[in-house]
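Novice: Pasting the sequence and the predicted model now:
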Amino acid sequence: MKYAYYPGCTLKSYADNLESSVLAVAEKLGIQMEELPHWTCCGTVFSQADDDLVHQIAPLRILLDAQKVGAKKLLVVCSMCYNTLKQASLLFEKKPDKLETLNLFLDDEDDYLGEVEVVHFLQVLRDEVGIEEIAKQVVRPLTGLNVAPYYGCLLLRPQEVAFDEPERPTVIEEILVALGAEAIMDPLKVECCGSYQTVNNKEIIADRTRTIINSARSRGAEMIALDCPLCDFNLDFRQKESEKKYTDFFTMPILYYTQLMALAMGINGDIYGFDKHYVDPRPLLKEYELI
Amino acid sequence: MRIILKGSKVKSKLTEKVEKISGQNIFACYQCGKCSAGCPMIDSMDYMPNQAMKLLQMGAAEEIINSKTMWMCASCHTCSVRCPRDIDLSAVMEALRLIYLRTNVNKVEPSQIPEEELKDLPQIALVCNFRKMTR
């Protein structure tokens, strides 16, 4: 399995532990990920305005770069990049007139032909590798660890980008079960964490985070596993604000699902970056003898 | 809330503009309230999403353009996925934000964000916020 890979800005900085764990897991599972030679920002959000073509240039450039390296599929890990690139690719497929205007505007030697399929890492794990194959690679099962999956908003919404049921997804649960963990069903797993409001309304995020964590805890979760770097920032780092605002709030470790996969697959090395988390997950992982 | 309705007001330019930018039919909404029921940001809004739709249907341009609703929207698409009338409400919110921002004013001033905040925030949050809140 060989894919052209688009990392995006945050996987090279804030969420470098997401990237390093993804790459380690991919290597173990035989997924070859070749980073695009030149890549730029995707814009982080898809422009939903019909008359705002200029903001489609950023995703178009990336799709064209993927086309230039001969990729049929472009693998994305960050859910915000996935959402932006996927929605843009669908727009270009459905609206050839807009694509033509954009190709003219871009003034590149090559035109983007609208044929690159954007896929998310979770999709590759489930559909190409297979959950059974993941289970086979487990050497250190996460037995007894109670984990609530969290999907957030942009991975599975709107409907057009969803590779799982938008209201009741199960892909992260399936992976967690394969790793030997207890997957806790939490109805708030598809609730938004407040997203970009974290920049100028962090007290709202403090509330969202508290609600989501308390809901998971009330169902027996000891940690949350997620895939989006922005959800991670809001659910992990904004716990600092939740603690300030609510004296009865207890913190909970937040991990990327790929960090748990790497742990269960017995991958050693400097890929975890546990010291980067606001809530240190190490005491809990030690309790279960996982580190 | 007291809004005086006039024929000229109902056929508001604003509603027309919102429809054009968002590509949505505002008048398809039949006020079931499902958007508001699922909105994670509703506690911080002055008009609930379904009320915002009603105001648009009534052409109450001033009320809606000065409201907090579209700025508190987190573009999570929950309303859009659940709307039984297939209205992409998050695109409507985007259109309302753009109508405001296109008057050449910012809702968030990047230079006003405290340095200690900037140090922590991942760029994904900043780029996303500026895309939604600045011209």
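Specialist: That came in fine, so what should we check first?
Novice: How is the chain partitioned into domains?
Specialist: No chain in the question, so chain A it is. A:2-121, A:139-287 (automatic domain parsing).
Novice: My question was about chain B, not that one.
Specialist: Looking at automatic domain parsing, the domains of chain B come to B:12-103, B:107-135.
Novice: Now those domains in TSV, please, with extra columns for mean pLDDT and mean neighbour count.
Specialist: From N, CA and C alone the C-beta is placed, and that goes for glycine too. Shown next, in TSV, are the domains of chain B (pLDDT from 0 to 100; neighbours: other C-beta atoms under 10 Å in any protein chain shown):
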stretch	mean pLDDT	mean neighbour count
domain B:12-103	95	19
domain B:107-135	93	16
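Novice: Switch the ones you listed over to TSV; also include distance to chain A.
Specialist: Formatted as TSV, the domains of chain B follow (distance: least, C-beta to the nearest C-beta, whole Å):
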stretch	distance to chain A
domain B:12-103	3
domain B:107-135	4
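Novice: Go through those and name the closest to A:Lys189.
Specialist: With C-beta to C-beta as the criterion, A:Lys189 lies closest to domain B:12-103 of those, at 12.6 Å.
Novice: end to end, how far does the closest one reach?
Specialist: This stretch, domain B:12-103, spans 18 Å end to end (C-alpha to C-alpha, to the nearest Å).
Novice: From the chain's centre, how far out is that domain? Work that out for me.
Specialist: 5 Å (C-alpha atoms, centre = their mean, to the nearest Å).
Novice: just to revisit the earlier point, turn the domains of chain B into a markdown table, columns for distance to A:Val116.
Specialist: As requested, those are exported to a markdown table (distance: least, C-beta to C-beta, whole Å):
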| stretch | distance to A:Val116 |
| --- | --- |
| domain B:12-103 | 23 |
| domain B:107-135 | 22 |
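Novice: Of all these, which one is nearest A:Val139?
Specialist: Here domain B:107-135 is closest among the domains of chain B (C-beta to C-beta), at 32.3 Å.
Novice: all strands of chain A, in order?
Specialist: With strands called from DSSP state E, chain A shows them at A:2-6, A:32-35, A:73-76, A:117-120, A:146-150, A:182-183, A:223-226, A:254-256.
Novice: Pull up the residues of the stretch 1-150 of chain A that are close to chain B.
Specialist: A:8-10, A:13-15, A:41, A:43-45, A:47-52, A:55, A:78, A:80 (C-beta under 8 Å from any C-beta of the partner chain).
Novice: give me every residue that touches the residue of the stretch 1-150 of chain A found nearest chain B.
Specialist: Using C-beta to the nearest C-beta, the closest approach of the stretch 1-150 of chain A to chain B is made by A:Tyr14 at 3.6 Å. For A:Tyr14, the contacting residues are A:229, A:233, B:122-124, by C-beta atoms under 8 Å, 6 or more residues apart in numbering or on different chains.
Novice: Could I get the phi/psi values of it?
Specialist: phi -60, psi -40 (degrees, to the nearest 10).
Novice: what's the closest non-adjacent residue to B:Cys32?
Specialist: Sequence neighbours aside, B:Pro84 is the residue nearest to B:Cys32 in space, at 6.3 Å (criterion: C-beta to C-beta, 6 or more residues apart in numbering or on different chains).
Novice: ok, now A:Ser21?
Specialist: A:Thr258 (3.9 Å).
Novice: Quick check: pLDDT value at the residue nearest to A:Gly273 when sequence neighbours are not counted.
Specialist: Excluding its sequence neighbours, the residue lying closest to A:Gly273 (C-beta to C-beta, 6+ apart) is A:Asn17, at 3.1 Å. pLDDT recorded at A:Asn17 is 96.
Novice: Touching, A:Asn17 and A:Ile271? I think so.
Specialist: Yes - using C-beta atoms under 8 Å, A:Asn17 is in contact with A:Ile271, at 7.3 Å.
Novice: quick one, what contacts A:Asp51?
Specialist: Contacts of A:Asp51 by C-beta under 8 Å, 6+ apart are B:20-21.
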